[in-house]
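Novice: Need a 3D model of the following:
(3 chains)
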Amino acid sequence: MNLVATAAVLDDDPPLLSVRGLGKSYGGALGCRAVSFDLWPGEVLGIVGESGSGKSTLLNCLSGQVAADAGEILYRDRMGATADFLTLPEPKRRALLRGEWGLVHQNPRDGLRLRVSAGANIGERLMAQGARHYGDIRAEATGWLSRVEIDTARTDDLPIRFSGGMQQRLQIARTLVTGPRLVFMDEPTGGLDVSVQARLLDLIRGLVDELGAACVIVTHDLAVARLLAHRLMVMKGGEVVEAGLTDQVLDDPHHPYTQLLVSSVLQV
Amino acid sequence: MTTMLSVEGLSKTFTLHTQGGVRIPVFAGLDLAVAAGECVVLNGPSGAGKSTLLRAMYANVLPDAGAVRVRHQGRMVDLARAGSRAVLQVRRRTLGYVSQFLSVIPRVPTLDVVAEPLLRQGVARAEARDRAADLLARLNVPERLWALAPATFSGGEQQRVNIARGLIAPMPVLLLDEPTASLDAANRDVVVALIAEAKARGAAVVGIFHDAPTRDRVADRLFDLVSAKAA
Amino acid sequence: MNAPDTGYNFAYLDEQTKRMIRRAILKAVAVPGYQVPFAGREMPLPYGWGTGGIQVTAAVIGADDTLKVIDQGADDTTNAVSIRRFFQRTAGVATTTETEKATLIQTRHRIPEARLGEHQILVYQVPIPEPLRWMEARESETRKMHALAEYGVMHVRLYEDIAHMGRIVKSYDYPVRVNGRYIMAPSPIPKFDNPKMDRMPALQLFGAGREKRIYAVPPYTRVESLDFEDHPFEIQTWSEGCALCGATDSYLDEVVTDDRGGRMMVCSDTDHCDKRRAAGHSGPMAAPYGETPR
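Specialist: Residues are numbered from 1 along each chain as shown, chains lettered A, B, ... in the order given. Below you'll find the predicted structure:
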């Protein structure tokens, strides 16, 4: 089984992100090991596995929250230059995380400023990029609130007064406002009611499509993975045990662990 | 005659690791070529492997051996060996598939569900919706349902939405897995007409049809899995 | 009066400590707006009363300096009087209330109205030196933000003001950008005083005692107040002039005159007000000059 699905038979534009041999161990304990994959613009890659499989460690390494101790994360930036994220100087790394990359945390409280208004939460990334026109920033903020289906009358409310689903949608707006080319999402629908999940899934899919962003989504929910991801990587014990097209992996799983995972899902 | 889709030496065995590694051989060494404008119906009893073969043609199931070649923008691409991204491109532009069941995000309105394959090909939203509306009307899906998500529809309505979604984009190769199973006679006629139109514009069609009269109306020839496996 | 107390080193601090503080000041002058940590000493007054300012003053004051100390613009408040007496007794220097005659001015919460000159040094007492603290609690992170000039969050607070009040209501300790680089807290001076900092001929030194930070704005350095293009920085204005001297271009304080709601607006800079009245200016509530002790 070809774990690195790279055979770009039909056109050969270079990937946006090339991860090679990425690894992280915590003391003696393994976080993740020898992870390699490529990601192209507009592609959604799902990472599935149970708790402790290493999928969160992998996402944390990719999004710069945890320092990987092996491998490369080659990223091709807006100007077309490719550099290893892991060896990039800190100012550039932080600039990427503020602009071309976006991170959606599982818990929206980790990704929002709860004590400033919804509008300011969205505007912050714009202001961080140098926007200095209040009217423009506000127009952009309200525009994004309606895109994520939050009543614009709530623009000046504090997110601490929002429901969990609204907070998550606000976090997504805050992340996507700068038009990131690469978005990481950690269990974006975790902790939400099922009824809210569907709406959020639809929203995420629409926005990612619209922006043409590449997206890495970590989830333990195979249904979420099926609906959002073009490709899947299945992780177990810190390693990728199977990878491929989402429907291929879910409908014709080869690895014993994937088969177990797929057969354990309750059918509704 | 231009071959649009071919299967060469195709073999598939499922290995069920969760059940003690049981091996279930489905077929081995299958060969089949389908030309433009031709409709081939897969034939054989339940369990003969018709669905698995159709899914292998869509690269939903990976064969153990052999090739699945699809003519994509003038070139034959082997889906068994192409990378995920190539397969996705072939599916977006060339290879259409109508599954037995509709699987979509629960909240999306029917009209958008049907229009989506066109959007992915770059057709403007308004035009895609117009064409989706035409097709839904033709398949007798009541207009009052178009703005609703199909999750609550009856089986027959869902299946017609599914067919509309599968046939809206003029794909050069179409794979149909029992598209007429839960339809009444009138709607079956519509589907038969749609298949005829696809053939007329040069599409290669491979399908599974359990109901014999429909099968006979659409099929140019049958591909019998039992005799193919025996051969 | 000017004979210093015996038993103290000149200006209270020992020479080693002064050297250490002067080094910090030099560094601060070299990197305008950058907060330089220093080994702050215990001073014979509590934190919050100007321990940072006093240490800076003690480190730069010389025997021939003339010292002025103001608190909220006034020379005669407890804090100003105490600090002035402290340096009279430990350094024996001349003191004054007249802005023009001072070579060294220690201030809390104001910049004098009179334009300062190259021969003068203005020492600010600073309670909270970190302008990013409101958005970011971690010191390690704020240092990184300064180092990388990641200042987008500073505008979030101004945005919130406009969103909720329709304008920027922050009226004191209004953040500034120094020399096009570091964002700096100007200490709790009213934003009315911010424009005076820009290209000021005098050297401006800032001392934060509790947080042990020194920063500086060298003479003639650019100091810009943060704002939005469509909500430009504005200073406070008053509909009336000073009730005593009639000034319409100075910062006014509200003074309650009785318990029946009576009030008057007067210059916060007492020296400025006195000088104007001595020159014959008067406001609507002024008694003839010399008859009202302030």
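Novice: pull the longest helix from the chain.
Specialist: No chain was given, so I picked chain A. In chain A, assigned by DSSP state H, the helix with the most residues is helix A:194-211.
Novice: try again with chain C
Specialist: Max-length helix for chain C by DSSP H is helix C:15-30.
Novice: where do the strands sit along chain B?
Specialist: B:3-16, B:22-35, B:39-43, B:65-72, B:75-78, B:95-98, B:173-177, B:204-208, B:221-224 (DSSP state E).
Novice: Please apply the same query to the stretch 101-250 of chain C.
Specialist: C:104-108, C:121-125, C:176-178, C:182-184, C:203-208, C:213-217, C:223-225 (DSSP state E, counting those that start in this stretch).
Novice: Could you list the low-pLDDT ranges of chain C?
Specialist: Under the criterion pLDDT under 70, the flagged ranges of chain C are C:1-3, C:288-294.
Novice: can you give me the helices in it?
Specialist: Secondary structure of chain C (DSSP H): helices at C:15-30, C:51-60, C:78-91, C:139-147, C:152-165, C:194-197, C:270-278.
Novice: Kindly report the same for chain A.
Specialist: Going by DSSP H, chain A shows helices at A:55-62, A:90-98, A:108-111, A:118-128, A:134-147, A:164-176, A:194-211, A:222-228, A:246-251, A:256-263.
Novice: Just give me the neighbour total for the residue nearest to residue A:113 when sequence neighbours are not counted.
Specialist: Excluding its sequence neighbours, the residue lying closest to residue A:113 (Cβ to Cβ, 6 or more residues apart in numbering or on different chains) is residue A:121, at 5.6 Å. Every residue, glycine included, has its C-beta placed from N, CA and C. Using other Cβ atoms under 10 Å in any protein chain shown, residue A:121 has 25 neighbouring residues.
Novice: And for the one 5 residues further on?
Specialist: By the measure other Cβ under 10 Å, the count of residues near residue A:126 is 22.
Novice: Is the lowest-mean-pLDDT helix or strand in chain A in proximity to chain B?
Specialist: Every helix and strand of chain A was ranked by mean pLDDT, DSSP states H and E. The lowest is helix A:194-211, at a mean of 80. Yes. For helix A:194-211, a contact with chain B is found by Cβ under 8 Å from any Cβ of the partner chain, at A:198, A:199, A:201, A:202, A:205.
Novice: and the gap between the last one and residue A:154?
Specialist: I take that to be residue A:205. According to Cβ to Cβ, to the nearest Å, residue A:205 stands 24 Å off from residue A:154.
Novice: Check the third one too.
Specialist: If you measure residue A:201 against residue A:154 using Cβ to Cβ, the figure is 22 Å.
Novice: more crowded one of these two?
Specialist: Between residue A:201 and residue A:154, residue A:201 has the larger neighbour count (other Cβ under 10 Å), namely 21 against 18.
Novice: My guess is the more buried one contacts residue A:227. True?
Specialist: Yes. Using Cβ atoms under 8 Å, residue A:201 is in contact with residue A:227, at 5.5 Å.
Novice: List the buried residues of the lowest-mean-pLDDT helix or strand in chain B.
Specialist: When each helix and strand of chain B is scored by mean pLDDT, DSSP H and E, helix B:225-230 comes last, with a mean of 80. By neighbour count with 16 or more other Cβ atoms under 10 Å in any protein chain shown, helix B:225-230 contains the buried residues B:225, B:228, B:229.
Novice: Output those residues in CSV, with distance to chain C appended to each entry.
Specialist: CSV is the format used below for the buried residues of helix B:225-230 (distance: Cβ to the nearest Cβ, whole Å):
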residue, distance to chain C
B:225, 64
B:228, 66
B:229, 66
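Novice: Identify, from these, the entry nearest to chain A.
Specialist: Using Cβ to the nearest Cβ, residue B:225 comes nearest to chain A of the buried residues of helix B:225-230, at 18.3 Å.
Novice: Contact partners for that closest one?
Specialist: The neighbours of residue B:225, taking Cβ atoms under 8 Å, 6 or more residues apart in numbering or on different chains as the test, are B:27, B:30, B:42, B:43, B:44, B:48, B:49, B:50, B:53.
Novice: so what pLDDT did the third one get?
Specialist: In this case it means residue B:42. Listed pLDDT for residue B:42 reads 96.
Novice: Residue B:54 is in contact with that one, correct?
Specialist: Yes. Counting by Cβ under 8 Å, residue B:42 touches residue B:54, with 6.6 Å between them.
Novice: Look through chain B and tell me its longest helix.
Specialist: If you go by DSSP H, chain B has its longest helix at helix B:185-200.
Novice: any idea which of the residues of helix A:194-211 next to chain B is the one closest to chain C?
Specialist: Of all the residues of helix A:194-211 next to chain B, chain C sits closest to residue A:199, with 26.9 Å by Cβ to the nearest Cβ.
Novice: one step back: quick one: residues in contact with the longest helix of chain B.
Specialist: Helix B:185-200 has contacts (Cβ under 8 Å, 6+ apart) with B:37-39, B:138-140, B:156, B:160, B:163, B:167, B:170, B:174, B:176, B:179-180, B:183, B:205, B:207, B:211, B:214, B:217-218.
Novice: Select only the buried ones of the residues you listed in PyMOL?
Specialist: In PyMOL, this line selects whichever of the contacts of helix B:185-200 come out buried by 16+ other Cβ under 10 Å:
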select buried, chain B and resi 37+38+39+139+160+163+167+174+176+179+180+183+205+207+214+217+218
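Novice: Quickly list the domain ranges of chain B.
Specialist: For chain B, automatic domain parsing gives the domain ranges B:1-94+B:173-231, B:104-170.
Novice: Turn those into TSV, including distance to residue C:247.
Specialist: Below are the domains of chain B laid out as TSV (distance: least, Cβ to Cβ, whole Å):
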stretch	distance to residue C:247
domain B:1-94+B:173-231	74
domain B:104-170	65
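Novice: Of all those, which one is nearest residue A:117?
Specialist: Among the domains of chain B, the nearest to residue A:117 by Cβ to Cβ is domain B:104-170 (27.9 Å).
Novice: Report whether that closest one contacts chain A.
Specialist: Yes. Judged by Cβ under 8 Å from any Cβ, domain B:104-170 comes into contact with chain A through B:104, B:105, B:106, B:107, B:108.
Novice: Setting aside sequence neighbours, what's the nearest residue to the third one?
Specialist: In space, not counting the residues next to it along the chain, residue B:106 is nearest to residue A:198; the distance is 4.2 Å by Cβ to Cβ, 6+ apart.
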